[in-house]
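Engineer: Below are the sequence and a predicted model for it; my questions follow.
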Amino acid sequence: MADQKRIVITGMGAVTPIGIGVETYWNSLISGVCGIGPLNRLDTADLPVKIGGEIRDFDPAEYIPKAQAAKMARFTQFAFIAAAEAMKDSGLEVEPYRTGITMGTSMNGVAEICQTQEEYTRTGKKVSPRFVPKVLGNMAACQIAMEYDIQGPSFTLNTACASGIDAISLAVMLLRSGAADAMLAVGGESIACAPVISSLATANALSRQNDDPEHACCPFDVKRNGFVIGEGGGALVLETEEHALARGAKIYAEVLGCANNNDAFHITSPRPGGEGGANCMRLALADAGISPEQVGYINAHGTSTPVGDQRECDAIRTVFGDHAANLPVSSTKSATGHLMGAGGVTETIACVLSIRDGILPPTLNVTEPDPACGLDCVPLAARKKEYDIAMSNAFGFGGQNASILVGRYK
């Protein structure tokens, strides 16, 4: 709002199933590339779900010194690489005590936990002393902080699928409060392991379209039948406008407003009508001090679950009223899968670049839009549109809701 410090984005980094590096990710997104395929890093023979948005042919040694990478869980590696790109992009010279980090991750090092337990049960050998420091959620922030001598505020959030946007929102709060002049907001996730996949599949949360993985994630379509897990990392350098201008930084966009709330309803299902998500979007609009009609695009949570997609669309209609009929709402998860804690950051990046280039990223695989969703989901192909303000939503298990608004910097 007018009396708050203005917060700007000066650096971005992305590690996704459709490309490593922000511009590669973005170009793949608007070209309709899909990164969902068979899970190659996991023995899926006995699993009902065998597909995901995997980062293929990934060698951490190409980005991180080998000895350093060996001390990191896969989710930390993704976060670290994204953070490195964002820091280089921003050109920020770190003032140690005035720079902080917020990290979002949904399930920390769960894949490494499962793998270590399996090996321990099978062999009985002692577990490496690196195990615990690898799998802790805050270790991604720790590794990044050590790399850049970031000694200011440091928080790691575990708010399920809302973790990424919540990391950005907390960074904004800290900047507005004066606790820091610059913040690195990061997300990282890699959850592909048998117990997680088996649990989600048993709960009927995942698509089982193993024979046609590229079309398995189809948000807002009548044939949607569950989400597809993904993995990756994302990072933003955020600064107060005053700090960014003083050092002559390149400014991509402004964070206009953000919000977080809880459904207080069910451990996995959103409230009927999407009431919690609707309230969260209203709070973000109020924080930004703008009207619903000023929003030109929404990057939806849009996971491709039958209930979740409909309730998010219900919430959007509730908040945006008549404007909803003309408001493009797409889900980039159709291309990447669900990146969990990393998704809120990479999807915010998609919003920033959408405004920059005047291009709306598409929702892939929508061949028969569900009338119950009933919004313009930018089906199948990217579309040109010049506009100034975008919203991104992230709604997670436990009733966690997060929304963010980014706008063209003026």
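Structural biologist: Cool, got the structure.

Engineer: in what helix or strand does the residue sitting nearest the centre point of the chain lie?
Structural biologist: For the chain, the residue sitting closest to the mean C-alpha position, by CA atoms, centre = their mean, is residue 343 at 1.5 Å. Following DSSP states H and E, one finds residue 343 within helix 343-357.

Engineer: what's near enough to touch the residue nearest to the centre of the chain?
Structural biologist: By CB atoms under 8 Å, 6 or more residues apart in numbering, the contact list for residue 343 reads 161, 164, 187, 189, 230, 232, 234, 333, 336, 394. To be clear about C-beta, it is placed using only N, CA and C from the backbone, and glycine gets the same treatment.

Engineer: Looking at those residues, which are in helices?
Structural biologist: Taking DSSP state H, the ones among the contacts of residue 343 that sit in helices are 164, 333, 336.

Engineer: can you tell me which of these lies nearest to residue 35?
Structural biologist: Nearest to residue 35 among the ones in helices among the contacts of residue 343 is residue 336, at 5.6 Å by CB to CB.

Engineer: where does the closest residue to residue 366 other than its chain neighbours land on pLDDT?
Structural biologist: Of all residues not flanking residue 366 in the chain, residue 379 sits nearest, at 3.9 Å (CB to CB, 6 or more residues apart in numbering). Residue 379 is assigned 98 on the pLDDT scale.

Engineer: Check the one 10 residues further on too.
Structural biologist: Model confidence at residue 389, expressed as pLDDT, equals 98.

Engineer: What is the neighbour count of it?
Structural biologist: Per other CB atoms under 10 Å, the neighbour tally for residue 389 reads 21.

Engineer: likewise residue 293?
Structural biologist: Other residues near residue 293 come to 12 when the count uses other CB under 10 Å.

Engineer: I figured it hits residue 323, correct?
Structural biologist: Yes - if you go by CB atoms under 8 Å, residue 293 and residue 323 touch, sitting 5.0 Å apart.

Engineer: quick one on the thing from earlier: quick one: the residue nearest to residue 366 from residue 364, how far?
Structural biologist: 8 Å (CB to CB, to the nearest Å).

Engineer: Could you do residue 216 as well?
Structural biologist: 10 Å.

Engineer: what do you get for residue 146?
Structural biologist: Taking CB to CB as the measure, residue 146 falls 39 Å from residue 364.

Engineer: Spatially, and excluding backbone neighbours, which residue is closest to residue 392.
Structural biologist: Of all residues not flanking residue 392 in the chain, residue 299 sits nearest, at 4.3 Å (CB to CB, 6+ apart).

Engineer: now residue 399
Structural biologist: Counting by CB to CB, 6+ apart, residue 263 is the residue found nearest to residue 399 once chain neighbours are left out, at 3.1 Å.

Engineer: and that neighbour, what is it in contact with?
Structural biologist: Counting by CB under 8 Å, 6+ apart, the residues that residue 263 touches are 270-271, 275-276, 399, 401.

Engineer: Please pick the buried ones from those residues.
Structural biologist: Taking 16 or more other CB atoms under 10 Å as the criterion, what is buried in the contacts of residue 263 is 270-271, 275-276, 399, 401.

Engineer: Tally up the residues packed near residue 358, please.
Structural biologist: Neighbourhood size, residue 358 [other CB under 10 Å]: 11.

Engineer: Next one: it from residue 389, what distance?
Structural biologist: In this view, residue 358 and residue 389 are 13 Å apart by CB to CB.

Engineer: Repeat that for residue 315.
Structural biologist: Relative to residue 389, residue 315 is positioned 18 Å away (criterion: CB to CB).

Engineer: What of residue 53?
Structural biologist: 28 Å.

Engineer: re the thing from before, can I get the buried ones among the contacts of residue 263 in TSV with secondary structure?
Structural biologist: Listed next are the buried ones among the contacts of residue 263 as TSV, based on DSSP: H, G, I helix; E, B strand; the rest coil:
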residue	secondary structure
270	coil
271	coil
275	helix
276	helix
399	helix
401	strand
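
Engineer: Next, format those residues as TSV and append pLDDT.
Structural biologist: Output for the buried ones among the contacts of residue 263, formatted as TSV (pLDDT from 0 to 100):
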residue	pLDDT
270	92
271	91
275	95
276	96
399	96
401	98
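
Engineer: Show me which of those is closest to residue 58.
Structural biologist: Nearest to residue 58, judged by CB to CB, of these is residue 401 at 31.5 Å.

Engineer: what's the spacing between the helix or strand that contains residue 405 and its chain's center?
Structural biologist: For residue 405, the host element (DSSP H and E) is strand 400-407. Distance of strand 400-407 from the chain centroid (CA atoms, centre = their mean, to the nearest Å) equals 11 Å.
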